[in-house]
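[1] Show me the folded form of this:
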Amino acid sequence: MAKVRNWFYALLTLTLVVSVWMTSTNVRAEEKKERVTSEGTVPATIYAYTPSERYAASANYTLKANGVEIPVVKGFGDYDYAHFSMSKGPVTYELTILNTDKVHEYSISPKKLGITADKVVGTTLTFTAQSDEYLIVMMNNRATRMVIAADPAETDVPKKEGQGIFNITKAPYRVASHGENTGAQGRTAAIQQAIDDASAYGTSQGGGAQGIVYVPAGTYYIGNLTLKSNTALYMEPGATFVGTGRTSDYTEHWFKDSMGRPATWWISTAFHSTNIRIYGRGTIDGNGQALHDDKSTNGTGMINNLVVPIATSHFSMDGVLIRESSAWAVVPVRSNDLTFTNLKMLNSLNMGENDGIDVTESQNVLVRHSIGISLDDPYSTKAWAEDTDIASGKVPWPGQPEPVEHVLIEDAVAWTKCYGFKIGQGVLQDQRDITFRDGVVYKAAVGFAIHHKYGTGKVENVKFERMDVEDISGKNEDNSAWMTMFTVNGGSLGVGPISGVTVKNITVRDAGESFAKINGQDGAMISGLLFENVYMPGSSMPATTLQEMNFLSKEYYSDAKILPVQHEEPLPRTNLALNRPAVGSSNDGTIDTAPYATDGNMSTRFGTKRGVDPGWIYVDLGERKPIDEVRLYWEAAYGKSYKIQVTDDPTAEANWRDVYSTTEGKEGLKRLSLRKRMQDMYECMAQPERPNTVTPFGNLKFTVLIHREIFLL
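    Predicted coordinates:
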């Protein structure tokens, strides 16, 4: 269906703009590359792991690290991955792409590391990292990327047997390590008994001692486990807990209204527990797609939260790989003093509502050195009401609602189709003292954000520091931007203020396909904003105005300071097309949608009749007016070839003069400066106008020469 997109006016969030404004043309110098300094010149020692028999080898890549073969696991459609550990020192990778003739192109992220090829020979890319890093490599623009998860070497591996060690494969538990998806009930009961015994031992020792549940390498299909006080669960490299994919094996803890499915806490903590640890280099694999699709028991399927530290304190998790949840993967709930390090959350980019880690109503939380890949937000904080579905299920959250306080998420890589790093949506209680630092947005619809959608709680004292935004593509609702801050009265639950937000030392490599927002509400202002050293694409100098940072939608905000230099914001621009008559070549329905192109409402759009090319729309400006810029707002499907024309007399095609055309159209916000073209037209028409003005015309026409079906946001 040929549907011509809405036009866009930034300041008033309109859908078509013709303005008298000249965009700046600052050109950013070549970015300086900075490599991480090696702690020594001796190459790292590599510790490779044999993955579970459950996993197939990648059909896309093979990998060596300092000459050691590293197994590459078939992941999901968007990526395969390799996981290993290494000592301190540099590591040289030899990454070979399969089923092609040679390496034609490549990119290595995080880009801030400045890693480039040492050499490229045939199908092998050789490059060096100076320490353990989580990397994402693209080769030959292949849809399936390569994720390299290098962890620091383990320093606290426990003994397999002995006092205080409860090895699940030994007597009295005798859990077989082979991967059979049968007998899950007995296997789960045996592992739970080991946990209970370890807890009793740790508690009896006192002084913060922990009984250790030792899980040797192997594949274990299990049901729900409950971790108890004074217990450490150690997962040896290659040890893999796998969900059975059968709803009959799991307890329903709550029901997710938006998905119409019950949900289970697969591995959770006992209420009012303390001093619990999960560590090692094993894998917790939710097998979420199978569970989601299994309707044999309840007719709907089920979703799973994989690790749920709930009503606990002094909980830590280190080195474990989390894979394939069908709901939020790691969900700390009403807990305090929590630490998550070397965490790898590898979810599908094609299963909704499968966030990485959602810090929920918890305090004193540290997430350090991690990678989160998921369709939904990899890193977020939330606070809910007592009657919210997640809090009021068959097993309600214990205690009373709590604020989110003192959270630090640093050295994290995010890859998602939604928000990379986010506060919200739930703000039923206050959220304060939250810092996102040294984060990398590999790919997202929004880089980082405060999305105050539900509740009247306050969001205050928030920091986004040393963030690097690589790729903003696609949209979440109507958002596609490096940053947003906005409030919404979601569910008629009211709105709350946002204050004290610091955005400092930011590298924006991609600003997004739309515009950034600072949108408060009446009675819920956004205030006390500090932007310092924000580098936008194409600029070698920090931004000096909100407009330079692409904050084109702003309302109900105050006290925005920009460092090191702040300039006055440009004067508001006049939308010459707002509510002006519009005429379309055809309509995709029974009503005339042409007026929707100029109604100032981003949720409406004009569309032409399916299969009729070219389609066009023109706007009557009412009288001759100067035009120097047009802004277009395309949705996910877009016209690849289009042109813009002007005229004083729209009655004949010959009267229309081209002022812009392209055959390389892309989605999102497009700012098209017409000043030079209009001045040249003046000279050709010998108009007696003073220099440096733009040509006035009374009509503006937009013609899509080659287009395809366009979907409404």
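[2] Which stretches in the stretch 201-350 of the chain count as strands?
    With DSSP state E, counting those that start in this stretch applied, the stretch 201-350 of the chain shows strands at 211-215, 218-222, 225-227, 231-235, 239-243, 254-256, 261-269, 273-280, 283-285, 303-308, 312-318, 321-323, 336-346, listed in chain order.
[3] Please convert these to CSV, extending it with distance to Pro172 and mean neighbour count.
    Heads up, the C-betas are built off the backbone N, CA and C, glycines and all. CSV is the format used below for the strands of the stretch 201-350 of the chain (distance: least, C-beta to C-beta, whole Å; neighbours: other C-beta atoms under 10 Å):
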stretch, distance to Pro172, mean neighbour count
strand 211-215, 13, 26
strand 218-222, 17, 23
strand 225-227, 18, 21
strand 231-235, 17, 27
strand 239-243, 20, 26
strand 254-256, 34, 20
strand 261-269, 22, 25
strand 273-280, 22, 22
strand 283-285, 24, 25
strand 303-308, 26, 28
strand 312-318, 27, 21
strand 321-323, 29, 25
strand 336-346, 32, 22
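[4] Model confidence at Ile136, what's the number?
    Ile136 is assigned 98 on the pLDDT scale.
[5] Going forward, count from 817.
    OK, 817 is where the count begins now, so the last one is Ile952.
[6] Tell me who's in contact with the nearest residue to Pro968 once chain neighbours are set aside.
    Once flanking residues are discounted, Pro968 sits nearest to Asp948: 5.1 Å by C-beta to C-beta, 6 or more residues apart in numbering. Contacts for Asp948 (C-beta atoms under 8 Å, 6 or more residues apart in numbering) come out as Ala860, Ser901, Met902, Val907, Ala966, Asp967, Pro968.
[7] thinking again about what came up before, indicate which one of the strands of the stretch 1017-1166 of the chain is closest to Ser1208.
    Proximity to Ser1208, assessed across those by C-beta to C-beta, is greatest for strand 1070-1072 (7.4 Å).
[8] So which residues of the stretch 1317-1466 of the chain form strands?
    According to DSSP E, counting those that start in this stretch, the strands that the stretch 1317-1466 of the chain contains are 1332-1335, 1342-1351, 1367-1371, 1373-1379, 1398-1400, 1431-1442, 1445-1450, 1457-1463.
[9] Can I get these in CSV including mean pLDDT, distance to Asp1326 and mean neighbour count?
    Listed next are those as CSV, based on pLDDT from 0 to 100; distance: least, C-beta to C-beta, whole Å; neighbours: other C-beta atoms under 10 Å:
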stretch, mean pLDDT, distance to Asp1326, mean neighbour count
strand 1332-1335, 96, 12, 23
strand 1342-1351, 98, 12, 20
strand 1367-1371, 93, 16, 21
strand 1373-1379, 97, 21, 16
strand 1398-1400, 85, 32, 20
strand 1431-1442, 81, 29, 18
strand 1445-1450, 75, 16, 23
strand 1457-1463, 83, 23, 21
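[10] Take those strands and lay them out in JSON lines including distance to Glu1480.
    Formatted as JSON lines, these follow (distance: least, C-beta to C-beta, whole Å):
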{"stretch": "strand 1332-1335", "distance to Glu1480": "24"}
{"stretch": "strand 1342-1351", "distance to Glu1480": "26"}
{"stretch": "strand 1367-1371", "distance to Glu1480": "23"}
{"stretch": "strand 1373-1379", "distance to Glu1480": "33"}
{"stretch": "strand 1398-1400", "distance to Glu1480": "24"}
{"stretch": "strand 1431-1442", "distance to Glu1480": "19"}
{"stretch": "strand 1445-1450", "distance to Glu1480": "13"}
{"stretch": "strand 1457-1463", "distance to Glu1480": "8"}
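[11] Quick one: closest of the ones you listed to Asp1065.
    The nearest among the strands of the stretch 1317-1466 of the chain, by C-beta to C-beta, is strand 1332-1335 at 44.1 Å.
[12] Remind me what that closest one packs against, helices and strands.
    If you count contacts as 3 or more C-beta pairs under 8 Å, 6 or more residues apart in numbering; DSSP states H and E, strand 1332-1335 packs onto strand 1297-1303, strand 1342-1351, strand 1367-1371, strand 1373-1379.
[13] Tell me the bridge partners for Val1229.
    Note on Val1229: beta-bridge partners Ile1187, Val1256, judged by DSSP bridges.
[14] Quickly note the distance from it to Asn1158.
    For Val1229, the distance to Asn1158 equals 12 Å [C-beta to C-beta, to the nearest Å].
[15] which residues do the two both contact?
    Counting by C-beta under 8 Å, 6+ apart, the residues touching both Val1229 and Asn1158 are Ser1186.
[16] and Asp1444, how far is that from Phe1331?
    In terms of C-beta to C-beta, Asp1444 sits 19 Å off from Phe1331.
[17] So which of these two has more stuff around it?
    Ranked by neighbour count (other C-beta atoms under 10 Å), Asp1444 and Phe1331 place Phe1331 first, with 28 against 21.
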